[in-house]
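> Quick check, what structure comes out for this input:
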Amino acid sequence: MECQRCDSDRIFKITAKSSDLNVSQFKDIEHDGYAPGVKNVCGGDYVEPSVCLECGQAQGDWPVPDPDFAE
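Down below sits the predicted model:
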């Protein structure tokens, strides 16, 4: 995988299973429980971000909708 911004191959991806032990914040709204549905970042039991270690670009299609708990 290459970075969508700088073409570096220094992409760090982590997949973490956290069940319902998450605390998320968006603007002034706090959410406790399962990871909210945020494309390219997390959803349900899993948190799965990918970031370029060269330029810091989060990988994926952007922008994404607000977290589902903010609706």
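
> Do a quick rundown of the strands in the protein.
11-13, 16-17, 22-26, 29-33, 35-38, 42-44, 46-47, 50-52 (DSSP state E).

> Ignoring the adjacent residues along the chain, who's closest to the residue nearest in space to the middle of the chain?
The centre of the chain sits closest to Val41, judged by C-alpha atoms, centre = their mean, with a distance of 1.8 Å. In space, and not counting its chain neighbours, Val41 is closest to Pro49: 5.4 Å by C-beta to C-beta, 6 or more residues apart in numbering. The C-beta positions use only the backbone N, C-alpha and C, and glycine is treated the same way.

> Tell me who's in contact with the residue nearest to the centre of the chain.
Taking C-beta atoms under 8 Å, 6 or more residues apart in numbering, we find Val41 in contact with Val47, Glu48, Pro49, Ala58, Gly60, Val64.

> For the residues you listed, which PyMOL command selects only the ones that are buried?
Burial among these is assessed by 16 or more other C-beta atoms under 10 Å; the matching PyMOL selection reads:
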select buried, resi 47+49
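
> Any chance of TSV for the strands of the chain, columns distance to Arg5 and mean pLDDT?
Listed next are the strands of the chain as TSV, based on distance: least, C-beta to C-beta, whole Å; pLDDT from 0 to 100:
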stretch	distance to Arg5	mean pLDDT
strand 11-13	11	98
strand 16-17	24	96
strand 22-26	24	96
strand 29-33	29	96
strand 35-38	20	95
strand 42-44	21	95
strand 46-47	22	96
strand 50-52	7	98
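
> Go through those strands and name the closest to Asp68.
Nearest to Asp68, of all the strands of the chain, is strand 35-38, at 4.3 Å by C-beta to C-beta.

> Can you give the distance from the closest one to the centre of its chain?
Put simply, strand 35-38 sits 8 Å off its chain's centre (C-alpha atoms, centre = their mean, to the nearest Å).

> still on that earlier bit, pretty sure the residue nearest to Val41 is touching Asn40, no?
Yes: assessed by C-beta atoms under 8 Å, Pro49 is found in contact with Asn40 at 7.3 Å.
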